[in-house]
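A.B. asks: Quick one: sequence and predicted model below, then my questions.
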Amino acid sequence: MNVYMTAGTFDFLKRMETTYPSEIMVTMVNENGALLLHETKGKTLFKEPRRYELLEGSGEIKKDGFVVIQNIPVAEEGRPVFEHQMKNCVNKVENESGFKFFRVLRPLSSNTYVIMTVWDNELSYQKWQNSKTFFVAQQTKDFVKNQQPKIFESASYVSKYSITE
């Protein structure tokens, strides 16, 4: 599965989403702008997208929810270790209350992997962060972080969005 993302204004991206109702697309918004996600087995309709392939996933993206996107720059030599650890992550979150959607995306034109989760709302996400399951996920993250050679090229960062009609 191919996954593409592009940024822009909410109105423009929402119009693109509604123009292609047969495509799997969803528009997300936060205080800095909007992001349009496109999942397809073919090519994207975007002119200059960020390009990924699906490494792991669970759930179907819906037209509502609270989105957390973790962007993780991984060194070339660290990719196998990182991907191995990420393949175990989906089982650690998919049974949580309020969980909707999980994707680990392998970058095709950069070094930054994306881990995306979608929740019913921000409270569901916060409850998961305080759960034992999240603690186990953090242990996996700490294991990967302490690998030699270092597999991360720089610090990861998180973006949060809302999906609304």
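C.D. replies: Received it, and whenever you're ready, just let me know what you need.
A.B. asks: When you work out contacts or count neighbours from here on, use the C-alpha atoms and nothing else.
C.D. replies: Will do.
A.B. asks: Specify the next element, helix or strand, located C-terminal of the lowest-mean-pLDDT helix or strand in the chain.
C.D. replies: The helix or strand of the chain with the poorest confidence is helix 132-145; it has a mean of 56 (mean pLDDT, DSSP states H and E). Downstream of helix 132-145, the next assigned helix or strand under DSSP states H and E is strand 157-163.
A.B. asks: buried stuff in that next one?
C.D. replies: K160, Y161, S162, I163 (16 or more other C-alpha atoms under 10 Å).
A.B. asks: which residue sits closest to the third one, ignoring its sequence neighbours?
C.D. replies: Once flanking residues are discounted, S162 sits nearest to F66: 4.8 Å by C-alpha to C-alpha, 6 or more residues apart in numbering.
A.B. asks: What ranges in this protein fall below the confidence cut-off?
C.D. replies: 88, 90, 132-149 (pLDDT under 70).
A.B. asks: Quick one: the helices in it, in order.
C.D. replies: For the chain, the helices defined by DSSP state H occupy 10-19, 79-86, 122-129, 132-145.
A.B. asks: and the residue sitting nearest the centre point of the chain, what are its bridge partners?
C.D. replies: If you average the C-alpha coordinates of the chain and look for the closest C-alpha using C-alpha atoms, centre = their mean, you land on M116, 2.1 Å from that point. Here M116 sits in beta bridges with I69, R103, as judged by DSSP bridges.
A.B. asks: wait, it sits on K100?
C.D. replies: No. Between M116 and K100 there is no contact, the gap being 10.7 Å when judged by C-alpha atoms under 8 Å.
A.B. asks: Next, count neighbours for the residue lying closest to K160 once chain neighbours are set aside.
C.D. replies: Nearest non-adjacent residue to K160, counting by C-alpha to C-alpha, 6+ apart: V68, 4.6 Å away. The criterion is other C-alpha atoms under 10 Å. On that basis, V68 has 20 neighbouring residues.
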